[in-house]
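1. build the 3D model from these lines:
(one chain, ligands or ions: 2)
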Amino acid sequence: MSTHIAAAPGEIADTVLLPGDPLRAEWIARTYLDDVTCYSRVRNMLGFTGTYQGTRVSVQGTGMGQPSLAIYVHELLAEYGARTLVRVGSCGSMVEHVRIRDVVIGLSAATDSSMNALRFEGFHYAPTADFSLVRGCVERAEAAGTTFHVGQLFSTDSFYHDRADLSDRLRDYGVIAVEMEAAALYTIAAKFGARALSVCTVSDNLVTGEQTTADERERTFGEMVELTLGAVSA
Ligand SMILES: O=P(O)(O)O[C@H]1O[C@H](CO)[C@@H](O)[C@H]1O
Ligand SMILES: O=c1cc[nH]c(=O)[nH]1
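-> Ligands and ions are numbered 1, 2, ... in the order given. Take a look at the predicted model:
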């Protein structure tokens, strides 16, 4: 057991899907995996292991925001030997053409977090996804006819931001969607030489004000999870 995950050695797969919401972790495991076991209920941040078409896969909730995700990702990498980590999250679109229900594959992640500012002092690190995972997800999305976009995410520390003008500026420089974890995931995975990617379903569009219903979220999260599982089990 690590500090925040109650799994015994060997109970967590090399490949781990990372939804922010622990109930989404349970839904993914029970909907898509066979032979599922729950390895951790610490703080209700549920974790499961099962198989997808013969490949062993775990699903671990991370909570919201980079400090929370960083705890789980660090322990998965440092104590359980995880090698491939894919966040399966929701995001807000920052541009009109990236519509609700579309899938965003996060090539890189800008951030307003102080985590990397402290880690790299005066240097500005560019948190970047693993290319083989990006390619695998793109191929799966194309084959499935999923509407998807590949681009830069904004991993913010503040869901409720006082400075919307600053995210507008990021949009002017090519950022397409906002979420709260990808930058920490890419950075910590790189430190451990592991592969990482964030795939997100657009739950709301900050330009048009459109939002998905709970039903739509479940259905479209399914598309994202299927293409991700297909990519990691290929
Ligand atoms: O749906 P999840 O994976 O939690 O992701 C998004 O939703 C949460 C905010 O509501 C943040 O964690 C953000 O990144
Ligand atoms: O972090 C997030 C997630 C979904 N929608 C948003 O606007 N922000």
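
2. ok, Ile71 - contacts?
-> Contacts for Ile71 (C-beta atoms under 8 Å, 6 or more residues apart in numbering) come out as Thr3, His4. C-beta: built from backbone N, CA, C; applies to glycine.

3. let's see 6 Å
-> Ile71 makes contact with His4 under the criterion C-beta atoms under 6 Å, 6 or more residues apart in numbering.

4. per-residue confidence for the residue of the chain found nearest ligand 1?
-> As assessed by C-beta to the nearest ligand atom, ligand 1 sits closest to Gly20 within the chain, at 2.1 Å. Gly20 carries a pLDDT value of 96.

5. the host helix or strand of Ser198 near ligand 2 at all?
-> Ser198 belongs to strand 195-205 when elements are defined using DSSP states H and E. Yes: using C-beta under 6 Å from any ligand atom, strand 195-205 reaches ligand 2 at Ser203, Asp204.

6. what's the helix or strand for the residue positioned nearest the centre of the chain?
-> The centroid of the chain falls nearest to Arg87 when counting by C-alpha atoms, centre = their mean (2.0 Å). In this structure, Arg87 sits in strand 84-93 according to DSSP H and E.

7. is any residue of that strand near ligand 1?
-> Yes: contact of strand 84-93 with ligand 1 (C-beta under 6 Å from any ligand atom) involves Gly89, Ser90.

8. re the thing from before, please name the bridge partners of the residue nearest to the centre of the chain.
-> Leu18, Ser198 (DSSP bridges).

9. what about the worst-scoring helix or strand of the chain on mean pLDDT, near ligand 1?
-> When the helices and strands of the chain are compared on mean pLDDT, DSSP states H and E, helix 214-233 comes out lowest with a mean of 88. No: applying C-beta under 6 Å from any ligand atom, one finds helix 214-233 separated from ligand 1 by no less than 8.6 Å.
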